[in-house]
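Trainee: structural data only, the sequence is not supplied:
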């Protein structure tokens, strides 16, 4: 049961019910449109819900913060963050329309406020006045290397804010390769937090603080952050 995994988090019955309803909505939608390959109950609870909530161990997601979740997919980690801390103002960003349609349905079904889902590419809207350096935190579990994610994310973050990425045991190699990108985007690695999960899952949270504005030429367009990381 979900509650068995949530002993480190103060979740009431309403919270648990919303997590369960969210899972139900994902699995139902997943029958015709791929959102996740993880469908077994315990694995889902650990790899999606518990992994998302582990971000609270950074102490950066308390109170009222403005968050953008880049490459959110089925809504991870953005929606679990919102379900746990309703004060967060969250933007869910994804480049696939079907995922955004699903997420809008979840927001409506769970009656969530101060959260929206937008269909766009990070390298395009990060250059717009509406989104440029407007967020306290950019977060991503997207499947891309850290250098690429850093370029996508840092344009959204205010000076003094954070880009936070979740990685596996290979994080040291990724960090080494991302050093130049982090520096060019105006950031510095503030912390690396080990967040082991049940089922012998070894995860780490990379916390990058933004010290200065990101040059307006970043992120580069045309898929360059992915094809040719800095």
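Mentor: Structure received. The shown structure was predicted, so the numbers you read here are calculated from the model rather than taken from an experiment. Numbers count the residues shown, from 1 in each chain.
Trainee: tell me which stretches of this protein form strands.
Mentor: 66-70, 89-94, 115-119, 135-140, 157-167, 187-194, 204-210 (DSSP state E).
Trainee: which of the ones you listed sits closest to residue 16?
Mentor: The closest of the strands of the chain to residue 16 is strand 115-119. By CB to CB, the value is 19.0 Å. No exception for glycine: its C-beta is placed from N, CA and C like everyone else's.
Trainee: so what does that closest one touch, helix or strand wise?
Mentor: Judged by 3 or more CB pairs under 8 Å, 6 or more residues apart in numbering; DSSP states H and E, strand 115-119 is in contact with helix 78-84, strand 89-94, helix 97-109.
Trainee: how about the last one, which residues are buried there?
Mentor: Within helix 97-109, the residues that count as buried by 16 or more other CB atoms under 10 Å are 99-100, 102-103, 106-107.
Trainee: just name the shakiest helix or strand of the chain by mean pLDDT.
Mentor: Ranked by mean pLDDT, DSSP states H and E, the weakest helix or strand in the chain is helix 2-5, scoring a mean of 67.
Trainee: show me the longest helix that occurs in this protein.
Mentor: Secondary structure of the chain read by DSSP state H shows that its longest helix is helix 13-29.
Trainee: hang on, the earlier thing: any chance of TSV for the buried residues of helix 97-109, columns pLDDT and distance to residue 158?
Mentor: Shown next, in TSV, are the buried residues of helix 97-109 (pLDDT from 0 to 100; distance: CB to CB, whole Å):
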residue	pLDDT	distance to residue 158
99	96	26
100	97	25
102	97	29
103	98	24
106	97	27
107	98	24
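Trainee: which stretches of this protein aren't confidently modelled?
Mentor: The chain contains residues with pLDDT under 70 at 1-5.
Trainee: hmm, 80 instead?
Mentor: 1-13, 142-143 (pLDDT under 80).
Trainee: the closest residue to residue 105 other than its chain neighbours: how many residues sit nearby?
Mentor: Ranked by CB to CB, 6 or more residues apart in numbering and with sequence neighbours excluded, the top spatial neighbour of residue 105 is residue 25, at 7.0 Å. Using other CB atoms under 10 Å, the number of residues around residue 25 comes to 19.
Trainee: tell me the contacts of residue 25?
Mentor: With contact set as CB atoms under 8 Å, 6 or more residues apart in numbering, residue 25 has these partners: 102, 105-106, 109.
Trainee: now swap in residue 229 and tell me
Mentor: 145, 147-148, 151, 177-178, 181.
Trainee: and those, which two are the farthest apart?
Mentor: 151 and 177 (12.4 Å).
Trainee: so which of these two has more stuff around it?
Mentor: Per other CB under 10 Å, whichever of residue 151 and residue 177 has more neighbours is residue 151, with 27 against 15.
Trainee: ok, the closest residue to the more buried one other than its chain neighbours to residue 129 distance?
Mentor: Nearest non-adjacent residue to residue 151, counting by CB to CB, 6+ apart: residue 225, 4.1 Å away. From residue 225 across to residue 129, the span is 21 Å (CB to CB, to the nearest Å).
Trainee: between the two, which is the more surrounded one?
Mentor: Neighbours were counted for residue 225 and for residue 129 using other CB under 10 Å; residue 225 has more, 24 against 7.
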